[in-house]
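K.L.:
I would like to see how this sequence folds:
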Amino acid sequence: MTERPDWQRAIELLGMFAEGDLRTIKVDADGRISALIVDSLDPWGGMLTIGNAELAVRLGSPVIDEQRGRVQYIDTFEEGAVRWQLGVGGTDGSAAITPLYARSGGYAVMLRASSDILRTADMANYSIVLPNARTGFAYSFSLDGNCDEHTLEILRYDGTYKHDIRLKFDDAIDQVQILNDVPAWTNVLATDLGTRNLWHFHSLKLVVDLVNHTYLRLVLDNAETDLSMHAYAAVLNGTKPEMATTITHKSMALVNDIAVIDNFIITTAEPE
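P.N.:
Reported below is the predicted structural model:
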């Protein structure tokens, strides 16, 4: 079968020359789907279009009402956790792919925190994606009932600075916190996350400005919190460019609390 060019696919998407039942899709004056947010022109003045792969990612975004930014990296764990280093901080924890719970598809990562020593389980991605400017980090997660802390940490080296970006849900005080440039944890959102079971997934997206060394916003489920007044720690460091993203789940003492992680996405070109 001959692969069709994108322009023919676009014609069928708009309802022309397609066999079968036709359905109308609302488009703007330039013929683009109005539900998608895109820049109008590229740097050379041409109209930007969206490919099938990007369209699929948009319509399948783990953050239900958050589709800003351009997808740079996505992992749905359908091929396992081969891009992640899994670890535990204790004697009886585990971190592994599971078919028991998933936000989408058939697999996710289960972090079963240890009940002793550090009481943690974690997953770390050492990415070849080296974003700059305004960047988003998104994933879906579900929590069991004995969580102590749940943390997202991004360490970005750009050859000049080490960017230390961290967000934490502190279950003891029902607060989402970020690590500021002091550095110290500061409360930014009061929430208890509601229902706790491993089938109830939440969606989280943290957006930062890697040029001005500030947080921009947090999207948690359907609520957005402005973080633009908060700076993160960026210290001089000549390490070659690389980025490590770590999700750590910490249990209360003497129990093995569980978090399930699915649909990890990095976006770039985020709006202010």
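
K.L.:
Can you pull the domain assignment for this structure?
P.N.:
1-59, 74-268 (automatic domain parsing).

K.L.:
Save those as CSV, and put in mean neighbour count and distance to Q67 too.
P.N.:
C-beta here means a position set from N, CA and C on the backbone, and glycine is covered the same way. Shown next, in CSV, are the domains of the chain (neighbours: other C-beta atoms under 10 Å; distance: least, C-beta to C-beta, whole Å):
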stretch, mean neighbour count, distance to Q67
domain 1-59, 11, 5
domain 74-268, 18, 9
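
K.L.:
Next, format these as JSON lines and append mean pLDDT and distance to R68.
P.N.:
Shown next, in JSON lines, are the domains of the chain (pLDDT from 0 to 100; distance: least, C-beta to C-beta, whole Å):
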{"stretch": "domain 1-59", "mean pLDDT": "55", "distance to R68": "6"}
{"stretch": "domain 74-268", "mean pLDDT": "94", "distance to R68": "7"}
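
K.L.:
quick one, phi/psi of H213?
P.N.:
Torsion angles at H213 (phi, psi; degrees, to the nearest 10) stand at phi 60, psi 50.

K.L.:
residue contacts, it?
P.N.:
H213 is in contact with 161, 163, 181, 231-232, 234, counting by C-beta atoms under 8 Å, 6 or more residues apart in numbering.

K.L.:
ok, now with 7 Å
P.N.:
The contact partners of H213, by C-beta atoms under 7 Å, 6 or more residues apart in numbering, come to 163, 231-232, 234.

K.L.:
and what of T191?
P.N.:
174, 176, 220.

K.L.:
Which one of these is nearest to H249?
P.N.:
Taking C-beta to C-beta as the measure, H249 lies nearest V176 of these, at 14.9 Å.

K.L.:
Not counting its neighbours along the chain, what's nearest the closest one?
P.N.:
Using C-beta to C-beta, 6 or more residues apart in numbering and skipping residues adjacent in sequence, the residue nearest V176 is L189, 4.1 Å away.

K.L.:
Next up, identify which helix or strand the one you found is on.
P.N.:
strand 185-190 (DSSP states H and E).
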